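Undergrad: what's the 3D shape of this:
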Amino acid sequence: MAGVDPTVVLSSDQIEFYRREGYLVIDQISTPEELQGLREIYDRLFSARAGRDRGDQFDLAGGDEEGKEAKLPQILGPSKYAPEMRETLAWANANAITRQLLGESGLLTGDHAILKPAGSGAPTPWHQDEAYWDPSFDYHSISIWMPLQDVDATMGCLSFVPGSHRINVQQHRPIGGDIRVHGLELDPEVNVDLTAAVSVPLKAGGVTIHHNRMLHYAPGNRSQEPRRAWIMMAGVPPVARETPNEYPWQGIRKTARAERAQAAGS
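TA: Reported below is the predicted structural model:
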């Protein structure tokens, strides 16, 4: 991050809270001027559906059919299409937070962006991020979730079940049981207590940070403003498991996104 110095220093209490609860809230990692520029980049990328032909842009919660309005548009790796996103104070601070929580071997590994359109953006169902990943490895990773505008429950802020990062990866399925859908949700038959969930409203440029096994959810967007979220992902190098897990929900999906990615050699 040449030329951009991080500004966030976590306290020992914050680090302990993350380790105990599995998530953390930080009030601000960016600036108003930077956030304005990021919103412009974000809207441009989604308007252009950047990376769609490579399978990087798709509908996370729907069938992803051409000509049909997406329920929950997503772009994998937006900074591949707008490298200037990595030259921001937000990115520098995300790097600094990663090393403070995970140690010097912690690195930012990528990013993605999820847009909830005004008045129609679908919920992001309860899930664990690790359910999407290769079950042959053990992970120690975090997601740094930053809204580009103020966000509350009416717009789609995140909710967490404190301490749920200590449970194993639970059974998941494609959203709604539809194998055409890339997005995952906890299987309805999973018996997990969600009553202790905590909703976390944020100001633009604030962040939540959560562990790869944290149970989390975001409601739909009922507001009249698009909900723009930029998620930076980080972790230490994963370690191969002696006995791989089995995530059968990964093999049953038949998505248009995967077909485009395969055709593009991604």
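
Undergrad: residues contacting His112?
TA: Taking CB atoms under 8 Å, 6 or more residues apart in numbering, we find His112 in contact with 74-78, 231, 233. Any C-beta I mention is one placed from the backbone N, CA and C, and that applies to glycine too.

Undergrad: my read is it is in a strand, agree?
TA: Yes. Looking at His112 with DSSP: H, G, I helix; E, B strand; the rest coil, it is inside a strand.

Undergrad: bridging residues for it?
TA: Here His112 sits in beta bridges with Leu76, Ile231, as judged by DSSP bridges.

Undergrad: quick one: it from Leu215, how far?
TA: Distance of His112 to Leu215, given as CB to CB, to the nearest Å: 19 Å.

Undergrad: do the same with Leu158
TA: For Leu158, the distance to Leu215 - CB to CB - is 11 Å.

Undergrad: just for the protein, where's the confidence low?
TA: By pLDDT under 70, the low-scoring segments of the chain are 1-2.

Undergrad: for the residue nearest in space to the middle of it, what are its contacts?
TA: Note on the chain: the residue nearest the mean C-alpha position is Ile231, at 4.8 Å, using CA atoms, centre = their mean. Listed by CB under 8 Å, 6+ apart, the contact set of Ile231 reads 111-114, 143-146.

Undergrad: again, only this time at 10 Å
TA: Ile231 makes contact with 74, 78, 94, 110-114, 129, 143-146, 207-208 under the criterion CB atoms under 10 Å, 6 or more residues apart in numbering.

Undergrad: cool, Phe137 as well?
TA: Neighbouring residues of Phe137 by CB under 10 Å, 6+ apart: 130, 237-241, 244-245.

Undergrad: bridged to it, which residues?
TA: Here Phe137, judged by DSSP bridges, has bridge partners Ala240.

Undergrad: ditto for the one 4 residues further on
TA: In this structure, Ser141 has beta-bridge partners Gly235, where bridges are defined by DSSP bridges.

Undergrad: do the same with Ile26
TA: Val207.

Undergrad: from Arg86, how far out is it?
TA: 19 Å.

Undergrad: same question for His210.
TA: Distance, His210 to Arg86, by CB to CB: 21 Å.

Undergrad: now Asp111
TA: Distance from Asp111 to Arg86, counting by CB to CB: 8 Å.

Undergrad: and Thr195, what element?
TA: Here Thr195 sits in a region with no helix or strand, counting by DSSP states H and E.

Undergrad: for the closest residue to Gly106 other than its chain neighbours, give me its contacts.
TA: Nearest residue to Gly106, sequence neighbours excluded (CB to CB, 6 or more residues apart in numbering): Thr98, at 4.2 Å. Thr98 makes contacts with 104-109, 141-142, 144, 209, 232-236, as judged by CB under 10 Å, 6+ apart.

Undergrad: who's in contact with stretch 45-53?
TA: Outside stretch 45-53, the residues within contact range by CB under 10 Å, 6+ apart are 44, 56-58, 64, 66, 70, 73-82, 85, 113, 115, 117, 226, 228, 257, 260-261, 263-264, 266.

Undergrad: select only the buried ones of the residues you listed in ChimeraX?
TA: To isolate the buried members of the contacts of stretch 45-53 in ChimeraX, using 16 or more other CB atoms under 10 Å:
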select :56,57,58,64,70,73,74,75,76,77,78,79,80,81,82,85,113,115,117,226,228,257,260,261
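
Undergrad: hang on, the earlier thing: higher neighbour count, His210 and Arg86?
TA: His210 (26 against 18; other CB atoms under 10 Å).

Undergrad: just the strands in the stretch 101-250 of the chain please.
TA: 107-116, 124-127, 137-138, 141-147, 158-160, 172-174, 184-186, 198-200, 207-211, 216-218, 227-235, 239-240 (DSSP state E, counting those that start in this stretch).

Undergrad: check which helices and strands the last one is in contact with.
TA: For strand 239-240, the helices and strands in contact under the criterion 3 or more CB pairs under 10 Å, 6 or more residues apart in numbering; DSSP states H and E are strand 137-138.
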